[in-house]
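K.L.:
below is the sequence, then the predicted model.
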Amino acid sequence: MLAELKEIVVDFGPVRAVDHVNFSVRPGEIHALLGENGAGKSTLMNVLAGTFPPDSGSIYVKGEPVRFSSAKSAMDKGIRLIHQELNLCNDLKVYENLYLAQEIKGKSGLLDSHQMIECAQRVFETMGANIDPKAPVSSLQTAEKQLVEIARALLFSCEIIIMDEPTTALSGRDIKNLFNIMRTLKARGVGFVYISHKMPEIFEVCDTFTVLRDGKWIADGNIADVNEKQISEMMTGKALLESDFASRKSNVQPEIALSVNNLNSDGIKDISFELKKGEILSVTGLHGSGRDQLADALFGVQSYTGEVIKDGKQIKGGIESHLKAGIAMVPRNRKERGILNDLSILDNLSMGFFNTKLKSLLISPKKERGRFRRRQQDLSIRADRPSNPITSLSGGNQQKVILGRWLEADADILLFDNPTQGIDVGTKYEIYKLMLSLSAQGKSIIMFSSEFAEIMKVSDRCIVMFRGEINRILNRDEISEESLMYYSTGAIIEEKQHA
């Protein structure tokens, strides 16, 4: 056994985050650690990675009892954690981030930059990642930053690598490269703990699983012995009905809610489409397709030429103009673009109302608390007190707060940009049902997503992008995994170029 955790207990004040959990990692094993947001997965792995000690319980590495005093002491035992949220220094270069606190020094005692750059380059080549070790991290895209995090773990001879949602910002090609690297290291006896809410990934790359719920051990076993439905029910404690989506009726109305004509911006060209009232329109595409840039343009984050018309009026200007026109956005990468870290749960939720609906010069704390209680009930937000910092919530509950923010703004058009990123299966279903409910109320939704399964669940139509252009718009009965992948790879555009 590479590592064993026995009867681990972790308390955060009155809250028991991990309750007498046993967990183990074997050599050459990829072990999936599963559970809803707030189930205790990350807390348990922070114990194994030395981030903080357990309140009780024991840790064994290769059969020997250990008590880590820091993350570095765990790294010295060959254990490294790749965090869900990126932990890179934007002001440093890539190779400096890779070797931070573990720099290579020459005989003179000075840093050996040449050797660090050389070693970093070899790791990136092994990963199939085209990243310059000398580039500043601030110049990288989010997906590239994720690869740097992974490279940092691969650079050193780790025997246990813990990956907490490592593919959140990766494209299909990057994910395949990562899985190939994992399988190569697995064959060398490296053990992995893999935390992910993406079920297809779990069943593709993992050998074994452990499920936690509310801080407690629920089940473990071999992945080959279970299916997605069984795992989902273990995680949530209830059956999730696919029939809720398979038999859903369309709420699309004939009125045009939004017209986009010849939209051009950085990364996108000649984008034109119409969004109808009550419609859920998905936008998908592989990394670099222009999907992210289109989302930013439609919310006024980046400037564009062309027309965005709502209610017969062209929207001109930035974010404020789009908000006033009734367009709101649930952004991707909630840590960087969604939550306001220094503010409370209540203040984060109230921002949408403050920016669009508040008429008074003064804020009524009583009304704010009332709004929070209403949204807490509607969205099942798990929060002790609204005055707590937003960072005290799990990722899924943070996302619900952001959703509540824009529901308070009462926008007509909602842009959902990768809305289930890092979200557990139970919360995903809640978000899907919320989208269907908003559609039934006459709201119009554009969902930007790379998750084909969720596109098929909720979409009335789907725009498939390729290299900044619309390659195909699929109707509901045309949407399938095969068609989405076919057009995401540029099938029609390639055919036209060779015709």
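P.N.:
Okay, I see it.
K.L.:
starting from E454, give me the distance back to the residue nearest the centre of the chain.
P.N.:
The structure's the chain has its C-alpha centroid closest to Q421; by C-alpha atoms, centre = their mean the separation is 2.7 Å. According to C-beta to C-beta, to the nearest Å, Q421 and E454 sit 11 Å apart. Heads up, the C-betas are built off the backbone N, CA and C, glycines and all.
K.L.:
now do the strands in the stretch 301-450 of the chain.
P.N.:
Assigned by DSSP state E, counting those that start in this stretch, the strands in the stretch 301-450 of the chain fall at 305-310, 313-314, 327-330, 413-417, 444-448.
K.L.:
figure out which of the ones you listed is closest to R371.
P.N.:
strand 327-330 (15.7 Å; C-beta to C-beta).
K.L.:
the strands of the stretch 301-450 of the chain: lowest mean pLDDT?
P.N.:
Mean pLDDT is lowest for strand 327-330 out of these, coming in at a mean of 88.
K.L.:
using the three-state scheme, assign A295.
P.N.:
Judged by DSSP: H, G, I helix; E, B strand; the rest coil, the three-state class of A295 is helix.
K.L.:
which residues touch it?
P.N.:
The neighbourhood of A295, defined by C-beta atoms under 8 Å, 6 or more residues apart in numbering, consists of 283, 329, 332, 415, 417, 446, 448.
K.L.:
contacts only, for the fourth one.
P.N.:
Spelled out, it's L415. Counting by C-beta under 8 Å, 6+ apart, L415 makes contact with 295, 298-299, 327-330, 445-446, 448.
K.L.:
mind putting those into TSV with distance to A257?
P.N.:
What follows is the contacts of L415, written out as TSV (distance: C-beta to C-beta, whole Å):
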residue	distance to A257
A295	17
L298	12
F299	15
I327	10
A328	13
M329	15
V330	17
I445	10
I446	10
F448	17
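K.L.:
between those, which sits nearest N264?
P.N.:
Of all those, N264 sits closest to L298, with 13.0 Å by C-beta to C-beta.
K.L.:
domains in the chain, by residue range?
P.N.:
Per the record, the chain has its domains at 3-236, 244-498, by automatic domain parsing.
K.L.:
which of the ones you listed has the lowest mean pLDDT?
P.N.:
Across those, the lowest-scoring stretch is domain 244-498, with a mean of 84.
K.L.:
how far does it sit from its chain's centre?
P.N.:
Domain 244-498 sits 14 Å away from the centroid of its parent chain (C-alpha atoms, centre = their mean, to the nearest Å).
K.L.:
who are the contact partners of the residue lying closest to E144 once chain neighbours are set aside?
P.N.:
Spatial nearest neighbour of E144, excluding adjacent residues (C-beta to C-beta, 6 or more residues apart in numbering): I131 at 5.7 Å. Contact analysis of I131 by C-beta under 8 Å, 6+ apart lists 94, 124, 140, 144, 147-148, 151.
K.L.:
out of those, list just those in helices.
P.N.:
With DSSP state H as the criterion, helices contain 94, 124, 144, 147-148, 151 from among those.
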